[in-house]
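S.K.: Fold the following and give me the result.
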Amino acid sequence: MQKTLSVLLVATLTLSACNSWRNSRVNPTNWFGSSTPAPVNTSPDAADALVPKQSSGTGLFAKKEDEDTSILIATIDELRIDPTPTGAIIYSAGTAVRQGAYNAHLRLVDSEENRKNGILEFMFRVNYPKYSTQQGTVQSRMVSDAATVSLQDLEGIRLVRVVGQQNALESRRR
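M.R.: So this is what the prediction gives:
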């Protein structure tokens, strides 16, 4: 009887300690909160962002770089960060201006200022067909993409931001 009572007491104390794990900062599911709207910074210098940069290679076998025809998606609707054993998966969904958007990708904005401030910023870019397409319903214009980030890249990161044309969503580390 005493062994059973002792085992039951130890099991009860062990299970009650699990509640503190759920709310602790060590738990990977608590690393980032839910996404919140953020203002979009636009500058007059952004107008020449679509002008292709000149290739630096001038040699005999220099290959011309492919022209980037992607543009920012119209609105960012969802930002979710799912922890993995090796880092995190950053998932984002948005609504395109018109139907037919393809080649969606989250492009990392690598700037010294972002690294210094602990910000991991992505631009959600898509390509559109050269021919005109209908605008269509919101559901038919939904596009999503995800990017994986390693634990090393997440060191010192306090904020993850995904930027579109009209809005941005960000998620802060708890």
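
S.K.: Geometric centre of the protein: which residue is closest?
M.R.: residue 90 (4.1 Å; C-alpha atoms, centre = their mean).

S.K.: what's near enough to touch it?
M.R.: Counting by C-beta atoms under 8 Å, 6 or more residues apart in numbering, residue 90 touches 79-81, 106, 120, 122, 146-149, 160, 162. Any C-beta I mention is one placed from the backbone N, CA and C, and that applies to glycine too.

S.K.: so residue 12, which of the three states?
M.R.: Recorded secondary structure, residue 12: helix (DSSP: H, G, I helix; E, B strand; the rest coil).

S.K.: scratch that, residue 6
M.R.: Three-state call for residue 6 (three-state DSSP): helix.

S.K.: which residues of the chain score low on pLDDT?
M.R.: Along the chain, segments meeting pLDDT under 70 span 1, 15-27, 30, 42-60.

S.K.: Which stretches in it count as helices?
M.R.: Ranges of helices within the chain are 2-22, 112-117, 151-154, based on DSSP state H.

S.K.: so which of these is the most packed in?
M.R.: Each of those was scored by mean neighbour count; the highest is helix 151-154, a mean of 12, by mean count of other C-beta atoms under 10 Å.

S.K.: Output the contacting helices and strands for that helix.
M.R.: Judged by 3 or more C-beta pairs under 8 Å, 6 or more residues apart in numbering; DSSP states H and E, helix 151-154 is in contact with strand 87-95.

S.K.: Just the buried positions in the strand it packs on, please.
M.R.: Across strand 87-95, burial judged by 16 or more other C-beta atoms under 10 Å covers 88, 90-95.

S.K.: Check the contacts of residue 90 for burial and list the buried ones.
M.R.: 79-81, 106, 120, 122, 147, 149, 160, 162.

S.K.: any chance of these in CSV, with distance to residue 138 too?
M.R.: What follows is these, written out as CSV (distance: C-beta to C-beta, whole Å):
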residue, distance to residue 138
79, 18
80, 19
81, 24
106, 21
120, 28
122, 22
147, 24
149, 29
160, 25
162, 18
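
S.K.: Check these against residue 7 and report the nearest one.
M.R.: Nearest to residue 7 among those, counting by C-beta to C-beta, is residue 81 at 40.0 Å.

S.K.: can you tell me which residues contact residue 99?
M.R.: When contacts are counted by C-beta under 8 Å, 6+ apart, residue 99 touches 133-136, 140-141.
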